[in-house]
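1. Build me a model:
(one chain, ligands or ions: 3)
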Amino acid sequence: MPPTLQDVEILARQAGVILRNGYGKRHQITSKSHTIDLVTETDRRSEEFLIDAIKRRWPGSAIVAEESGEHAGSNGLWYVDPLDGTVNFAHGVPIFSVSIAYAEGGVVQLGAVYNPMSDECFCARRGEGAFLNGRRLRVSETAQLANALLVTGFPYDIWENPDNNLENFARFAVRTQGVRRLGSAALDLCFVAAGRFDGYWELRLKPWDVAAGGLIAAEAGAVVTNLRGGEDYLSPPQSILAANPAIHKQMLAVLNEKP
Ligand code: IPD
Ligand code: CA
Ligand code: CA
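-> Ligands and ions are numbered 1, 2, ... in the order given. Here you go, the predicted structure:
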């Protein structure tokens with residue numbers, strides 16, 4: 001039996017308990033590819049729990065997970081981010097999530113993003129809408145960029161790579177009501193789904209950051225593309241733009257302005 005949305009939501013909530021139990025404790029923090037790309041023992045504990053649960057219940061599944069990489073399989077593909085927002089978590093900021101998506105035939109079908117600190121579980125099944133703790137979600141109706149509240153993030157190679165999103169940030173900062181940086185790409189997308197933000201963009205993400213949130217935003221009525229307006233936001237080099245339809249159009253134009 002393939003997983004149901006309820007299965008994926010239960011997994012996200014169970015891993016969320018691991019994050020909540022680790023919150024506020026002293027952490028063993030190490031850096032990964034870049035000095036500011038952190039991992040804690042809680043990221044690993046959450047991932048081990050999820051991989052083990054998926055393999056036991058749906059043997060033969062392929063899994064792409066942030067900390068352990070690719071697990072070969074032929075029966076559906078899971079994207080697992082066991083803790084999205086590790087820098088917040090390591091500093092005791094209660095904005096982080098578990099993000100889980102399930103795809104079949106290369107198309108994401110199910111997604112759940114759970115913030116254990118606010119007990120908010122965002123989820124969606126393709127074609128059936130998006131929900132927050134059972135309540136249906138809808139993107140905002142903001143029509144003009146000048147009235148919009150946006151959110152973004154910055155890549156971990158920001159210290160050394162000049163293509164670091166700061167120019168885009170500056171452009172939007174002077175044309176909107178504000179641009180936030182929450183620190184969890186998965187939650188950024190869900191907040192667009194909930195109409196809290198009007199739009200979100202980011203460069204150089206990984207599929208586990210956006211697979212679940214992208215589906216949730218789209219199912220709530222967002223237009224979700226890469227930064228050039230193309231459909232594919234999961235293949236490298238990942239970039240994503242998710243916004244209500246009117247704001248998406250205006251953001252795409254700004255992001256593609258010549259310097
Ligand atoms: C990060 C967060 C952050 C985004 C980074 C991601 P992690 O994920 O989603 O908001 O700006 O690009 O890598 O490392 O905390 O799982
Ligand atoms: Ca992440
Ligand atoms: Ca992570």
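
2. Against Leu187, how distant is the residue lying closest to Met117 once chain neighbours are set aside?
-> Nearest residue to Met117, sequence neighbours excluded (Cβ to Cβ, 6 or more residues apart in numbering): Pro94, at 3.7 Å. C-beta: built from backbone N, CA, C; applies to glycine. Using Cβ to Cβ, to the nearest Å, we find Pro94 at a distance of 11 Å from Leu187.

3. For the stretch 51-200 of the chain, what lies in contact range of ligand 1?
-> Asp81, Asp84, Gly85, Thr86, Gly153, Phe154, Pro155, Gly183, Ser184, Ala185 (Cβ under 6 Å from any ligand atom).

4. wait, the third one sits on Ile95?
-> Okay, so that is Gly85. Yes. Counting by Cβ atoms under 8 Å, Ile95 is a contact partner of Gly85 at 5.8 Å.

5. what touches both of the two?
-> Leu182, Gly183, Ser184, Leu187 (Cβ atoms under 8 Å, 6 or more residues apart in numbering).

6. Identify the residues contacting the second one.
-> So the one you mean is Gly183. So Gly183 contacts Gly85, Val87, Asn88, Val93, Ile95, Phe96, Gly153 (Cβ under 8 Å, 6+ apart).

7. Tell me which of the residues you listed has the lowest pLDDT.
-> Among those, Val87 has the lowest pLDDT, at 93.

8. Phi, psi for it please.
-> The phi/psi pair for Val87 (degrees, to the nearest 10) reads phi -60, psi -40.

9. Equivalent analysis for Glu66, please.
-> Glu66 adopts backbone torsions of phi -60, psi -50, taken as degrees, to the nearest 10.

10. So it sits against Pro207, correct?
-> No. Using Cβ under 8 Å, Glu66 is not in contact with Pro207; the gap is 9.7 Å.

11. ok, back up a step: intersection of neighbour lists for Pro94 and Leu187?
-> Joint contacts of Pro94 and Leu187 (Cβ under 8 Å, 6+ apart) are Asn115.
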